[in-house]
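Chemist: predicted model and sequence follow; I will ask about them next.
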Amino acid sequence: MTRILIIYTGGTIGMVNDSGSGVLKPLDFGQILENVPELNRLNYQITVHSFHPIIDSSNMTPEIWVDLAEKIEERYDEFDGFVILHGSDTMAFTASALSFMLEGLNKPVVFTGSQLPIGQIRTDAKENLITALEIASAKLPDGKARVPEVCIYFDFQLFRGNRSFKYNSAKFEAFRSPNYPVLAEAGVHLRFNDASIRTCDDCVFKVHKRLNNAIAVLKLYPGISRQAVEAIVHSDTRAIIMETFGAGNTTTDQWFLDCLHIAIKSGKIILDISQCKVGMVELGRYETSRELKNMGVVNGYDMTYEAAVTKLMFLLGRGFTNDRIAQLLETNLRGELSNNVNNTLYLKRNTLY
């Protein structure tokens, strides 16, 4: 019998309307099971671990990511797959973080949640939960996991965790992954896109538990002031994520370039990702980004903001030198970017860590 561990962290999926105040309040997972009797028809051995207290996803922290990773590590050999129930607001951050922390993963870790509480008549929670369990249990003919990676299932689509982001708070279609194909679609049949699913058959499972959140974010806009830029680049951080225009472009005002150059010389890492949701950073393609490349700004290619944040925390936590971190930021470690350089070289090696 397939064995699945459900880890319930919290989120809308586990909320119910308080009859007195009308405010959503959490319920325990036993009540969730009561609302989904269909689970009894699945031929799975389901075990549940609930966080106490449960967590609103807006309160998610790196410490909780470590706790999640440890729960999976502790029970990795007991189960065929893992389903994590999580609030949708920061789900992509947590999925991205775990994708880096769980090296050599060869079992499914499927995140899901809902936009409406599980007790409401029109809820999306039941379908999301049931299909997430089916994905976590899916196997190839040789018995290996069909989707051995960290992913997000929402509204009939399965996304790579570190390629997705929440884009809509008002529709069931809450997540998108414009720079990478969906891993599966659920219709009349559950159809997997095998060509897009990572495999790591000869990898050794290892959990990384050290994260460093000494990161700042510089989001550019026309007319940004020198004072605003200096406040961020000279802050007490190890790294800065710079959200730029288009294909990685910034103003060419000398004061701005000088600020970045001074920050890099002082030992800070600056990672360039685009504000655009589709496409990638191409440093040096335009004059407005050529100087960034020359001074040592790191190319984030098509990484999502969520992946950039968590990958930086992961690499900083490893204690690497800045040069090594810069190299690894531009390397596809867990399928998080498409730089066409060494994309597969590191997927089946453990020598980096």
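Modeler: Everything's here; your move.

Chemist: dump the residue contacts of the most centrally placed residue in the chain.
Modeler: In the chain, the centroid-proximal residue (Cα atoms, centre = their mean) is residue 96; its distance is 2.1 Å. The neighbours of residue 96, taking Cβ atoms under 8 Å, 6 or more residues apart in numbering as the test, are 150, 161-162, 304, 306-307, 309-311, 336. Placement of C-beta: from N, CA and C, glycine included.

Chemist: distance check, it against residue 50.
Modeler: The gap separating residue 96 from residue 50 is 23 Å, by Cβ to Cβ, to the nearest Å.

Chemist: on that earlier part again, name the SS class of the residue nearest to the centre of the chain, please.
Modeler: Going by DSSP: H, G, I helix; E, B strand; the rest coil, the secondary structure assigned to residue 96 is helix.

Chemist: any idea how far it is from residue 211?
Modeler: Where residue 211 is concerned, residue 96 sits at a distance of 12 Å (Cβ to Cβ).

Chemist: same thing with residue 128?
Modeler: 28 Å.

Chemist: who has more neighbours, the two?
Modeler: Neighbours per residue, other Cβ atoms under 10 Å: of residue 128 and residue 211, the larger number sits with residue 128, 27 against 22.

Chemist: surely the more buried one is in contact with residue 152?
Modeler: No: between residue 128 and residue 152 no contact is recorded; they are 10.0 Å apart, counting by Cβ atoms under 8 Å.

Chemist: overlap in contacts of those two?
Modeler: When contacts are counted by Cβ under 8 Å, 6+ apart, the set common to residue 128 and residue 152 consists of residue 112.

Chemist: what's near enough to touch residue 127?
Modeler: For residue 127, the contacting residues are 156, 186, by Cβ under 8 Å, 6+ apart.

Chemist: so how far is the helix or strand hosting it from its chain's centroid?
Modeler: Here residue 127 sits within helix 125-137, counting by DSSP states H and E. Remark: helix 125-137 is offset 19 Å from the chain centroid, using Cα atoms, centre = their mean, to the nearest Å.

Chemist: equivalent analysis for stretch 262-279, please.
Modeler: A distance of 19 Å separates the centroid of the chain from that of stretch 262-279, by Cα atoms, centre = their mean.

Chemist: what is the end-to-end distance of it?
Modeler: With Cα to Cα, to the nearest Å as the measure, the first residue of stretch 262-279 is 29 Å from its last.

Chemist: for the chain, which segments count as helices?
Modeler: Taking DSSP state H as the criterion, the chain carries its helices at 29-35, 62-74, 91-101, 125-137, 226-233, 254-265, 287-295, 305-317, 322-329.

Chemist: which of those sits closest to residue 166?
Modeler: Evaluated with Cβ to Cβ, these place helix 91-101 nearest to residue 166, the distance being 5.9 Å.

Chemist: next, the angle helix 62-74 makes with that closest one.
Modeler: With axes from the mean of the first three to the mean of the last three Cα atoms, to 10 degrees defining the directions, helix 91-101 sits at 50 degrees from helix 62-74.

Chemist: using PDB, list the CA coordinates for helix 91-101.
Modeler: What follows is the C-alpha trace of helix 91-101 in PDB, where atoms were taken according to Å, rounded to 0.1, in the frame of the first residue of the first chain:
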ATOM      1  CA  MET A  91       3.800  28.800  -0.900                       C
ATOM      2  CA  ALA A  92       6.100  29.500  -3.800                       C
ATOM      3  CA  PHE A  93       8.800  30.700  -1.300                       C
ATOM      4  CA  THR A  94       8.600  27.600   0.800                       C
ATOM      5  CA  ALA A  95       8.500  25.200  -2.200                       C
ATOM      6  CA  SER A  96      11.600  27.000  -3.600                       C
ATOM      7  CA  ALA A  97      13.400  26.900  -0.300                       C
ATOM      8  CA  LEU A  98      12.800  23.100   0.100                       C
ATOM      9  CA  SER A  99      13.900  22.500  -3.500                       C
ATOM     10  CA  PHE A 100      17.300  23.700  -2.600                       C
ATOM     11  CA  MET A 101      17.400  22.200   0.900                       C
END
